Each structure stands twice: as C-alpha cells, then as structure tokens.
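**Q** Give the three-dimensional model of this entry:
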Amino acid sequence: MKSSKKKLALFYPWIKSKGGSEKVILEILKSRKYDVDIYTWVYEPEHSFEDFKKFKINVIAPKFLKKLGKSKILRGLFFPASIFSKIPLEKYDSFLIYTAGVGELIVFKNHKRGRTYIYSNTPLRYASKEIVKWNLKNIYKNPFSKIIYLLSVKIYNFFERMAWKKIDRAIFISEVSRKRAIEKNLTGENLSKIVYPPVNFQNQKKGKSERGEYFLYLSRFNAPKRQDLLIKAWEVFSKKYPKENLVLAGHIENKKYFEKIKKLAKRSENVLIKPNLSDKEKQELYTKCKAVIFVPFKEDFGIVPFEALAFGKPVIGVDEGGYVELIRDHPQFFKIKELHSQEKMVEEINRCLENFLKSKSHPQKKIVFNKITSRNFIKELEKILE
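**A** Presented below is the predicted three-dimensional model:
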C-alpha cells in the first residue's frame with residue numbers, strides 16, 4: 001500500500017559525532033507526517049549514535065573527501081562535492097537542509113523551487129565577524145595561518161551569499177543565530193523563524209535530585225568549548241577550595257585539543273576527564289553533580305543547561321549564547337559575564353564559583369521547558385514545511 005505521508009529529503013553535511021545536531025536529525029527522522037530520507041557527505045557510524053543504524057544513510061560525496069570534514073578550513077573544499085552531489089529531489093515534496101555552515105552549498109546542484117528550506121544552527125561560525133576575531137586571537141596565531149584563514153573566510157562568504165539566495169525559508173535554532181544571518185544579509189525577519197531544538201527530558205524525570213559531589217562541564221572537546229579556560233580558572237579556584245572537584249566530560253571532536261586538555265588537567269589533582277560516555281553514564285554524572293558549568297564561546301544554542309535544570313541542578317554559565325534567552329531570569333542560573341579577555345574570564349569564573357558556594361542553592365524541582373520538547377519541535381517544524 002502506498003504511503004499517504006509526504007516525502008522529505010533531509011541533507012546534513014557530516015554525521016560523525018554524538019552532539020546536539022545529531023540528536024536533532026534523529027528527531028526529524030521520527031516525523032509522523034513525513035517519510036524522511038537523509039543524505040550526507042560524510043557518515044562515520046562508529047563515532048555517532050547507534051540509532052542511525054536503523055535508517056538508510058545516503059552518502060553522496062567521494063570517500064577521499066571524508067578527512068577534509070575534520071578541518072575547519074579545509075571544509076571549504078566540499079564546494080566541489082556540492083556541485084557533483086545530486087539528490088533526486090523530483091521524488092520529494094520538500095527539501096530541508098540542516099547545517100551550521102558549508103552544508104547550504106548543496107543548493108548549487110540541488111534546489112526544489114519554492115520548497116527549499118534551511119534549518120540553521122548558525123551561519124558558519126568560522127566566517128562570522130565575532131568568531132573570526134576570537135579565532136585570530138586564540139587559534140590562528142602565526143602569520144601564515146592567519147592569511148590562509150582570512151582568505152578562506154572571504155571566499156566562503158561570497159559563495160555563502162549566493163547559496164542563501166536559493167533558500168525559500170530559513171529556520172534558526174535561536175535568536176542569536178538568526179541575528180548572525182540578518183547581519184550578513186543572508187535573510188530577513190519576514191523570511192525566517194525560530195524553532196528551538198529538542199531536548200529529551202525523559203531520562204531527567206527519573207531519579208531523585210540531590211546535592212552532588214562535584215562540578216560538571218559536559219561538552220564536546222573542541223577549542224570553542226573552552227575547557228582549557230575553565231581548567232586555568234580552576235587552578236586558581238582550587239587553591240582556595242582544595243576539596244572541590246571538577247569533571248570534564250564529552251565526545252572527543254578535536255583529538256589535538258583533547259590531548260592539550262589532558263596535559264592541563266594534570267596540573268590539578270581534582271580535575272577528572274571522562275570522554276565518550278554513554279547516555280546512561282551522562283545521566284549518572286548529572287545526578288551526582290552539585291552544579292553544571294557551561295563556558296563555550298557564543299554558543300549557538302546549548303542543550304546542556306536545559307538538561308541540567310531538568311535534573312534539578314544549578315547552571316553556572318556564560319551570559320552570551322542562544323540558550324540565555326530562555327533561562328535568563330531563572331533563579332538557578334548563575335551568570336558568568338563574557339569579558340572577551342582570558343585573564344578577566346579566569347577572574348570572572350572564579351567569582352561566580354565562589355558566589356555559588358556561598359549561596360543557599362539547593363537541588364530544585366525538576367523543570368521541563370515545553371518550548372524545547374521533542375513534541376513541540378516536530379510540531380513547529382512540520383507547520384513550516386506544510
């Protein structure tokens with residue numbers, strides 16, 4: 001019997017880690033109104049969620065390009081792949097591109113007139129003014145790498161503007177990411193909408209919330225997540241509070257950076273690193289922590305703070321990022337002011353950690369944010385696609 005569902009072609013550039021974006025894709029694949037087929041340039045099943053193995057993943061880029069996906073600069077070389085990667089869009093009612101940059105280049109070869117949508121974490125972070133400035137200061141430090149980086153950004157921005165002209169409707173995960181697109185003249189408010197990404201609150205509802213044993217920072221190991229900054233702040237903090245402990249956990253996205261973090265962590269006996277954990281292990285970490293620290297640089301959204309609050313745990317987090325618009329006034333949100341200076345940030349993180357210890361903060365009632373439930377996400381997304 002022929003399915004009465006509409007057909008949706010979903011493109012995501014690379015499925016190669018266990019992050020929030022991969023969780024979003026799995027939610028889209030559960031749509032009851034659409035038969036969803038997923039297309040990608042890179043798929044590494046050994047590094048991503050097991051649930052992807054339940055679906056057919058259509059890889060449409062040559063295998064030799066796989067290694068380029070690991071380099072932020074060399075990802076621009078996927079442009080030729082976008083020209084030769086053909087998706088049979090005539091079979092589908094709608095075409096949805098989910099990306100945090102680069103993925104939109106797929107429209108040069110694949111465009112469904114009037115029915116091409118983009119769900120954007122953000123226009124490419126590495127090509128946004130605020131991130132470029134941070135990268136030049138923290139990552140691309142030698143003159144040659146700076147020249148290559150800036151040239152790559154200029155070229156990319158040219159093709160990015162061309163690609164976005166083929167997008168019929170843009171959807172963003174937060175106001176922060178939408179503002180980046182508007183500032184780059186990629187879209188306007190009347191052609192864009194915000195649909196917050198889903199958070200699975202099912203596991204958080206289980207178990208008793210308790211005053212924990214350690215501070216937890218759960219995030220992928222990558223430079224913009226700034227585990228290195230937190231460790232430097234912790235070195236100072238632990239001299240005054242030697243009985244306190246810090247756990248850094250998350251998927252290893254950048255192996256070189258992860259090795260750097262391990263070396264930094266050895267300076268302090270009370271910093272524990274736990275990479276590549278299962279969902280059950282992450283749940284246990286949340287349950288037994290006293291608070292969750294969240295210090296990425298200008299995060300597009302940020303699922304971790306919501307998971308923490310759903311477990312009844314306070315959040316000690318930077319006051320810039322997509323997640324802030326939803327929890328800004330929450331009594332369990334201890335704000336770290338973003339100061340754009342490593343030395344001042346070390347002082348600010350320490351100030352907030354001390355304020356938390358001096359506060360009368362205790363485990364709170366577990367909260368579910370209805371705006372970011374899986375049910376609401378699919379409902380809002382399907383409404384736009386309709």
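
**Q** Name the nearest residue to Met162, sequence neighbours excluded.
**A** Phe108 (7.7 Å; Cβ to Cβ, 6 or more residues apart in numbering). Any C-beta I mention is one placed from the backbone N, CA and C, and that applies to glycine too.

**Q** again with Tyr257
**A** Using Cβ to Cβ, 6+ apart, the nearest residue to Tyr257 is Ala223, at 5.4 Å.

**Q** which residues does the one you found contact?
**A** Contacts of Ala223 were listed using Cβ atoms under 8 Å, 6 or more residues apart in numbering, and they are Asn138, Ile139, Asn254, Tyr257.

**Q** 10 Å - rerun?
**A** 72, 134-135, 138-139, 229, 253-254, 256-257, 260-261, 296-297 (Cβ atoms under 10 Å, 6 or more residues apart in numbering).

**Q** same thing with Ser21?
**A** Contacts for Ser21 were tallied using Cβ under 10 Å, 6+ apart; they are 12-15, 98-100, 119, 121, 173, 197, 300-301.

**Q** in the protein, what spans have low per-residue confidence?
**A** For the chain, residues meeting the criterion pLDDT under 70 lie at 1-3, 63-84, 202-211, 361-368.

**Q** Kindly recompute the last result at 80.
**A** Low-confidence segments of the chain, defined by pLDDT under 80: 1-4, 61-85, 200-211, 269, 340, 360-370.

**Q** max-length helix in it?
**A** Secondary structure of the chain per DSSP state H: the longest helix is helix 143-164.

**Q** right, and the helix or strand after it?
**A** strand 169-172 (DSSP states H and E).

**Q** that older thread, and the contacts of Ser21 as TSV, adding distance to Pro45, secondary structure and neighbour count?
**A** Output for these, formatted as TSV (distance: Cβ to Cβ, whole Å; DSSP: H, G, I helix; E, B strand; the rest coil; neighbours: other Cβ atoms under 10 Å):
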residue	distance to Pro45	secondary structure	neighbour count
Tyr12	14	coil	25
Pro13	16	coil	26
Trp14	12	strand	24
Ile15	8	strand	22
Tyr98	18	strand	22
Thr99	20	strand	21
Ala100	21	coil	18
Tyr119	23	strand	24
Asn121	22	coil	23
Ile173	25	coil	28
Pro197	22	coil	22
Asp300	25	coil	23
Phe301	25	coil	28
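
**Q** Now distance to Pro275 too, for those, in CSV please.
**A** Formatted as CSV, the contacts of Ser21 follow (distance: Cβ to Cβ, whole Å):
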residue, distance to Pro275
Tyr12, 24
Pro13, 24
Trp14, 20
Ile15, 19
Tyr98, 26
Thr99, 26
Ala100, 22
Tyr119, 28
Asn121, 23
Ile173, 25
Pro197, 23
Asp300, 22
Phe301, 22
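
**Q** Which single one of these is nearest to Ile28?
**A** Distance to Ile28, by Cβ to Cβ, is smallest for Tyr98 among the contacts of Ser21, at 7.4 Å.

**Q** For the closest one, which residues are in contact?
**A** Taking Cβ under 10 Å, 6+ apart, we find Tyr98 in contact with 10-13, 21, 24-25, 28, 38, 40, 117-121, 171, 173.

**Q** do the same with Phe301
**A** Contacts of Phe301 (Cβ under 10 Å, 6+ apart): 20-21, 24, 121-122, 172-177, 196-197, 199, 321-326, 372.

**Q** make it 6 Å
**A** Taking Cβ atoms under 6 Å, 6 or more residues apart in numbering, we find Phe301 in contact with Ile173, Ser174, Pro197, Gly322, Tyr323.

**Q** Phe215 falls within a strand, correct?
**A** Yes. Under DSSP: H, G, I helix; E, B strand; the rest coil, Phe215 sits within a strand.

**Q** ranges for the helices of this structure?
**A** Secondary structure of the chain, counting by DSSP H: helices at 20-28, 79-84, 129-138, 143-164, 175-183, 227-240, 255-265, 279-288, 304-310, 324-327, 342-358, 374-385.

**Q** ok and the fifth one relative to helix 129-138, angle-wise?
**A** Angle between the axes of helix 175-183 and helix 129-138 is 100 degrees (criterion: axes from the mean of the first three to the mean of the last three Cα atoms, to 10 degrees).

**Q** what's in contact with helix 175-183?
**A** Thr122, Pro123, Ser128, Phe172, Thr187, Ser192, Asp300, Gly322, Glu325.

**Q** Separate out the buried members of those residues.
**A** Buried by 16 or more other Cβ atoms under 10 Å: Thr122, Pro123, Ser128, Phe172, Thr187, Ser192, Asp300, Gly322, out of the contacts of helix 175-183.

**Q** got those residues as CSV, with distance to Leu248 columns?
**A** Putting the buried ones among the contacts of helix 175-183 into CSV (distance: Cβ to Cβ, whole Å) gives the following:
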residue, distance to Leu248
Thr122, 24
Pro123, 29
Ser128, 26
Phe172, 29
Thr187, 36
Ser192, 35
Asp300, 21
Gly322, 22
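
**Q** quick one: which of these is nearest to Ala291?
**A** Proximity of these to Ala291 (Cβ to Cβ) peaks at Gly322, which lies at 20.7 Å.

**Q** Could you report the distance from that closest one to Lys298?
**A** As for Gly322, its distance to Lys298 is 9 Å (criterion: Cβ to Cβ, to the nearest Å).
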